[in-house]
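**Student:** Mind looking at a prediction? Sequence and model below.
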Amino acid sequence: MAYVRARGVRFHVVDLGRDTGRSPVVMLHGLFTGSAASWFFTSAPALARTRRVRLPDWRGHGLTERTPTGYDTATMADDLAALTADLPPFAIAGHSYGATVAVRFARAHPGRVTALALVDPPFAAADTLVAPPRPA
C-alpha cells in the first residue's frame, strides 16, 4: 500500500506484481461504491502473476483523500495521467464510471494506452469510442 501526492491530492495506490516486459495494467473502479479493493479481491492478483498491476483509489474513495470537487471525468482522467506518469504504455480495465474515465484518458493520450477493457460501462461502447462524423 502506498500514498502518492498528485495534483494536490493524497491518493491511495496499490501496486502488485512486477515489471515482466508485458504491458502493465491499470484497473479503475467505479464511482459510487468502488475502491481499489474491488479489484484487489477479485482479478488483480491473477493478473499480477504475469505483469505489474496498479490499483488507484479515486478521490473520496477507499483510502484516498476526499475533495470537495474533481469527480468529473476530465479531472479524473488528469488524475490518472499523474498517477501513471511513471509507467510505460499500459492497458486499462475500467469498471462502470471507471470505464468512462478510461475512455476519456485513452482518447486524450492514445500513445499511453495499449488496450482497453470496459466492464459494465454506462454507455454504448461503439457510440463513445467512434469519433463523431465530420460535417460535409
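**Tutor:** Looks like it arrived, so ask away.
**Student:** List the residues that contact the nearest residue to H95 once chain neighbours are set aside.
**Tutor:** Among residues not flanking H95 along the chain, V119 sits closest, at 4.4 Å (CB to CB, 6 or more residues apart in numbering). (C-beta placed from N, C-alpha, C; glycine too.) Contacts for V119 (CB atoms under 8 Å, 6 or more residues apart in numbering) come out as A93, G94, H95, S96, A99.
**Student:** Taking the centroid of this protein, which residue is nearest it?
**Tutor:** Centroid-nearest residue in the chain, with CA atoms, centre = their mean: L28, separated by 3.7 Å.
**Student:** Mind telling me what element the residue nearest to that residue when sequence neighbours are not counted is part of?
**Tutor:** Excluding its sequence neighbours, the residue lying closest to L28 (CB to CB, 6+ apart) is G98, at 3.2 Å. Under the criterion of DSSP states H and E, G98 resides in helix 97-108.
**Student:** Kind regards, and thank you for your time.
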